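Student: Predicted coordinates and the sequence they were generated for:
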Amino acid sequence: MDFDDRLERRHVLAAMEKIKQEDVPERAQSTKYDVLHPDDGRPFPPKLVLSIAAELATGEPLPRTKFTGGEQTNARLRALGFEVVPKVATSGPVTLDALRPGDVLTNDQLSRLFGVGNAGGMRWSGSQGRLVVIADHTKSLYDDRWEDDVLHYTGMGRVGDQTLTGQNQRLAEQARTGTPVHLFEVFRQNAYVYVGEVRLTGEPRRERQLDDEANERWVYVFPLALVGEAQRPVPDRRDLDRIEGNRRNVLSRASVGELVRRARLGGREQPGTRQTVVAQFERNLAVAELAKRLAEGRCDLCREPAPFSVSRVPYLECHHVVHLAQGGADTIENAVALCPNCHRRMHALDLRSDRERLLARIAARDLVMSEA
C-alpha cells in the first residue's frame, strides 16, 4: 500500500515518544527488525511506530493488519531518515551454564538469569552470591575504557564523591573474597552483550571526574581482567558512531568552562582502543570540542575562517599535533582545530615549522583556559 503523503518525520518521532510513555502493547513486538530513535538508538517495532505515526498525521487509525511489515514498512521509515536494522538476536539461555561470551540478553533476561534487579551498573545477586557489572556505553559521557584485556571500570554513584560502600565495596574486596563477577557491555539500548567472568587485578584507584551535574568529584576506578573464556565484544561500528554522535551533541551544548574541566580530567596519555573492523582510538570528545571552541571559527594553522558551517557552527576538525598513533596524548595541550585543507596538510607533510606554529597557538590559548 501507499502511505499518506502527510506522514512526516515529526510524526514518527512523536510515535516513538508515545511508545516510550505507554510501552509496547502485547503482541506488537517486532520479530525481525527494529527502527532506532535517532538520538539514543533505542529500538522500536517498525510496524507499531508506523501505525501510530500515520494516525497522528491523518487523524485516522491505521491498524497494523492493513499493511505488511518487512520492506514495505522499513522503506517508508528509511525514506523519512530513520535507521532500520535487523533485530538484535537474544539467546535467552535458561541456565548460567549455557551462557557464553558474545550472547546478547535483554534487561529482563539478564535480571531473571542472575536473580538481580533491573537497574544499576552493579547488581548483586543475594540468591546466587554473584555480582553483575554492566558497562553501558549509551548512558554517559564517561566511558569505562579497555587497556589491552583490562577494563578500567568506574564505580557506582553518579553524583558527588563515590565511597567504598555497597557494591563498590564488594568489587573492591573481590580479590580477597573470590566473589564471581560477571561483566556485560551495552552498545545499543536493551542489548546486553555478555563478556564473561572478570576479576579485580589491582587496587581500585581514585580519579577526578565530573558527575552528572558537571561538578568535579572523586570516583573509584576498578581494573577488571578477563577470566577463562571471557572475551571483549566486537561491537557494530554503527553503534559506536551513534554513541559518539550523541556525546558530541551533549558536549556541543556545554560551556567552555565545563569543556575545560572535562578535557583536563578526561584526557589520557595513552587512549584506549577498541576492536571494530579495525582498531580505533577512543578519543575524549571534550578535548575535540574544546579545541574547536577555543579556535573561535578560525583555523589554528592558516588562521583563515572555517570554509563552511554545519548547523550554523564553523566547520573545523580536531588534530593532535603529536599524532596518537605516534604516542601523542589525547589532551587539550596536544589538540588544535584545523580547516580540512590544513588538516590534510598536517597528515601528508607534518612539517616541523607547522608543528611549531601550532604549539605556539596552543601556548597562546593557556590564558583563555585559565580564565574559564
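Tutor: Okay, I see it.
Student: in this structure, which helix has the most residues?
Tutor: Ranked by residue count under DSSP state H, the longest helix found in the chain is helix 352-371.
Student: quick one: low-confidence ranges for the stretch 251-372 of the chain?
Tutor: The stretch 251-372 of the chain contains residues with pLDDT under 70 at 267-281, 366-372.
Student: those helices in it, which residues are they?
Tutor: For the stretch 251-372 of the chain, applying DSSP state H, counting those that start in this stretch gives helices covering 256-266, 285-295, 340-348, 352-371.
Student: re earlier: which strands and helices sit next to the longest helix of the chain?
Tutor: Applying 3 or more C-beta pairs under 8 Å, 6 or more residues apart in numbering; DSSP states H and E, we find helix 352-371 packed against helix 285-295, strand 335-338. Bear in mind the C-beta positions are built from the backbone N, C-alpha and C, glycine included.
Student: Now render the ones you listed as CSV, adding distance to residue 77 and mean neighbour count.
Tutor: Converted to CSV, the helices and strands packed on helix 352-371 look like this (distance: least, C-beta to C-beta, whole Å; neighbours: other C-beta atoms under 10 Å):
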stretch, distance to residue 77, mean neighbour count
helix 285-295, 29, 24
strand 335-338, 36, 26
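Student: Distance to residue 59 added to those, as a markdown table?
Tutor: Formatted as a markdown table, the helices and strands packed on helix 352-371 follow (distance: least, C-beta to C-beta, whole Å):
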| stretch | distance to residue 59 |
| --- | --- |
| helix 285-295 | 42 |
| strand 335-338 | 49 |
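Student: Can you tell me the element residue 13 falls in?
Tutor: Per DSSP states H and E: residue 13 is located in helix 9-22.
Student: So for that helix, what gets flagged as buried?
Tutor: Buried positions in helix 9-22, judged by neighbour count with 16 or more other C-beta atoms under 10 Å: 11, 12, 13, 14, 15, 16, 19.
Student: got the contact list for the second one?
Tutor: Meaning residue 12. By C-beta atoms under 8 Å, 6 or more residues apart in numbering, residue 12 lies in contact with 35, 49, 50, 53, 77, 80, 82.
Student: just the buried members of those residues?
Tutor: Among those, the ones that count as buried by 16+ other C-beta under 10 Å are 35, 49, 50, 53, 77, 80, 82.
Student: Sketch out the strands for the stretch 101-250 of the chain, chain order is fine.
Tutor: For the stretch 101-250 of the chain, the strands defined by DSSP state E, counting those that start in this stretch occupy 104-105, 122-125, 130-136, 145-147, 150-154, 181-188, 191-200, 205-210, 216-226.
Student: my guess is residue 47 contacts residue 74, does it?
Tutor: No. Using C-beta atoms under 8 Å, residue 47 is not in contact with residue 74; the gap is 9.6 Å.
Student: between those two, which one's more packed in?
Tutor: residue 47 (25 against 19; other C-beta atoms under 10 Å).
Student: which other helices and strands contact whatever helix or strand that one lives in?
Tutor: Assignment of secondary structure by DSSP H and E places residue 47 within helix 46-58. Helices and strands touching helix 46-58, as assessed by 3+ C-beta pairs under 8 Å, 6+ apart, comprise helix 9-22, strand 33-36, helix 71-79.
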